[in-house]
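> Just a sequence and a predicted model for now, questions to come.
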Amino acid sequence: MSENPSPDQSLETTAGDFTLLDYRLRRDGREWSVLHVGAVLTDADETRALVRKTNRLPYGVSLWPSAIALAHEIAVREAEFRGRSVLELGAGVGLPGIVAASLGARTVQTDREELALHLCRRNAERNGAAAIESRLADWAEWSETGRYDWILGADVLYGDTLHPFLRRIFESNLAPGGRVLISDPFRPGALGFLQSLEADSWRVTYSHWDVGEEAAPRPIGVFELIPPGPG
């Protein structure tokens, strides 16, 4: 992976203008490039962004380690995404959905922030995936009725109050035989939600990824959720 300033690229927001950075993910001879306002790769970065709020960067269009891990997971499972339908929740800068689309998936990216979808579209065009559909959507006021082979989400389990809305989406929008792929930095609340799914006969497995600087990698779990079968 690499990350370099792109002085010629900027993002206008109500909080001011931000210089965009260029992150490149490389896997098995492929490369994807996405613009973002800054990376939140360490615990200290996250504390500054979400707790102390000393980082003025808009976190919805920052690059999070869970998105990087999820994108890697998708990239190594190309055959499982080719020709499939994909719904990405909380797309942010769009990296996982862009990887899925480039591997042949029919992808819909959703976010509740128009700024994020704007950057998603820019990033899709950069990667030759302009056919991705983007939709403004709030999980608490969800009206999407389509069914998908895959539902993706990077670090979407951060708030306990969101879990009932997400579970409803999983149950309503998965196609028969569909699966959910969620990445998370092992937050306690997220693990509790996953345990509740297991208690209701969902099958939960995961793979482990380390993201960030080699001296202090951030452990990320990519969890595959399979709903209970008939009966």
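Sure, I can see it.

> Centre of the chain to the helix or strand V99 falls within, how far?
Using DSSP states H and E, V99 falls within helix 95-102. Between the mean C-alpha location of helix 95-102 and the chain-wide mean there is a distance of 10 Å, by CA atoms, centre = their mean, to the nearest Å.

> Let's see that helix as CSV, backbone CA atoms only.
This file holds the C-alpha atoms of helix 95-102, laid out as CSV (Å, rounded to 0.1, in the frame of the first residue of the first chain):
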residue,chain,number,x,y,z
LEU,A,95,-12.7,1.3,-1.5
PRO,A,96,-14.3,-2.2,-0.8
GLY,A,97,-17.2,-1.6,-3.3
ILE,A,98,-14.8,-0.4,-5.9
VAL,A,99,-12.7,-3.5,-5.6
ALA,A,100,-15.8,-5.7,-5.8
ALA,A,101,-17.0,-3.9,-8.9
SER,A,102,-13.6,-4.2,-10.6
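
> Packing partners of whichever helix or strand comes after it?
From helix 95-102 onward toward the C-terminus, using DSSP H and E, the following helix or strand is strand 106-111. When contacts are defined as 3 or more CB pairs under 8 Å, 6 or more residues apart in numbering; DSSP states H and E, strand 106-111 sits against strand 85-89, helix 95-102, helix 114-126, strand 133-136. Heads up, the C-betas are built off the backbone N, CA and C, glycines and all.

> Compare those and report which one is nearest to A71.
helix 95-102 (4.6 Å; CB to CB).
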